[in-house]
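# just need the structure, nothing else, for what follows:
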Amino acid sequence: MSAHLTIVTHPLVQHKLTIMREKTTSTAKFRQLLREISMLLAYEVTRDLPLAQTTIDTPLCPMQAPKLEGRKLALVSILRAGNGLLDGILELVPAARVGFVGLYRDETTLQPVQYYCKLPAELEERLVIVVDPMLATGNSSAAAVDLVKQSGARNIIFLCLLAAPEGVARMKEAHPDVRVVTAALDERLNEKGYILPGLGDAGDRLYGTR
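The predicted model follows:
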């Protein structure tokens, strides 16, 4: 644990992640668990949102009560697997603005190739949470954060389900100001750039593709 990396050790998060890692877990169950775990992770990444006092009327009397201050969140999903995390967070924060970054990894060079980018306006005034289940080599994640910063974002958190040490190091090198929040820091990458022990390809397991 460091200022740059937060590992969410809540028992429910760890329990659900274990079931997701099992190769026999069905697509439907994997999708359900990713939605549930994303809501739990969202509690961690939103714990420091600023609050302001406002006057409301309860059924019995007026009172001063806290509400979120300023502009709400922006969520940026790295397609396609990021959408699995996105859905759960939106249930918790339905007013959040949403953007999408399309990147795929060249299987030979392991470098990211961009094919889509659509981001909300006024990112400089929002906490921006970039979501992708896997932080593997970190190349695609760093490239996505580059695009978000180019659109004005200054307060960014990267949220993932699993991270490899190589990916965490790459993100720290490229974006030392961006905190990484994850459910687990796994052992390493294999020769194809997949996280070990990991859970396989998150997008394939989420959507039932190969």
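# same question for the lengthiest helix in the chain: list its buried residues.
The residue-count maximum for a helix in the chain (DSSP state H) belongs to helix 27-45. Within helix 27-45, the residues scored as buried using 16 or more other Cβ atoms under 10 Å are 30-42, 44-45. Yep, even glycine has a C-beta here, placed from its N, CA and C like the rest.
# show me what that helix is packed against.
On a contact count with 3 or more Cβ pairs under 8 Å, 6 or more residues apart in numbering; DSSP states H and E, helix 27-45 meets helix 11-21, helix 82-92, strand 155-163, strand 179-185, helix 202-207.
# what's in contact with it?
Under the contact criterion Cβ atoms under 8 Å, 6 or more residues apart in numbering, helix 27-45 has outside partners 6, 8, 10, 12-13, 16-17, 19-20, 25, 84-89, 91-93, 129, 131, 133, 157, 159, 161, 181, 183, 202, 205-208.
# keeping just the C-alphas, turn that helix into CSV.
Extracted C-alpha coordinates of helix 27-45, given in CSV (Å, rounded to 0.1, in the frame of the first residue of the first chain):
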residue,chain,number,x,y,z
THR,A,27,-20.4,-15.8,-18.1
ALA,A,28,-23.6,-14.8,-16.3
LYS,A,29,-22.1,-15.2,-12.9
PHE,A,30,-18.9,-13.4,-13.9
ARG,A,31,-20.9,-10.4,-15.2
GLN,A,32,-23.0,-10.3,-12.0
LEU,A,33,-20.0,-10.4,-9.7
LEU,A,34,-18.1,-7.7,-11.7
ARG,A,35,-21.2,-5.5,-11.3
GLU,A,36,-21.3,-6.1,-7.6
ILE,A,37,-17.6,-5.7,-7.0
SER,A,38,-17.5,-2.5,-8.9
MET,A,39,-20.0,-1.0,-6.5
LEU,A,40,-17.9,-2.0,-3.6
LEU,A,41,-14.8,-0.5,-5.2
ALA,A,42,-16.7,2.6,-6.0
TYR,A,43,-17.2,3.2,-2.2
GLU,A,44,-13.4,3.4,-1.9
VAL,A,45,-12.7,5.8,-4.8
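# I'm done for today, thanks for sticking with me.
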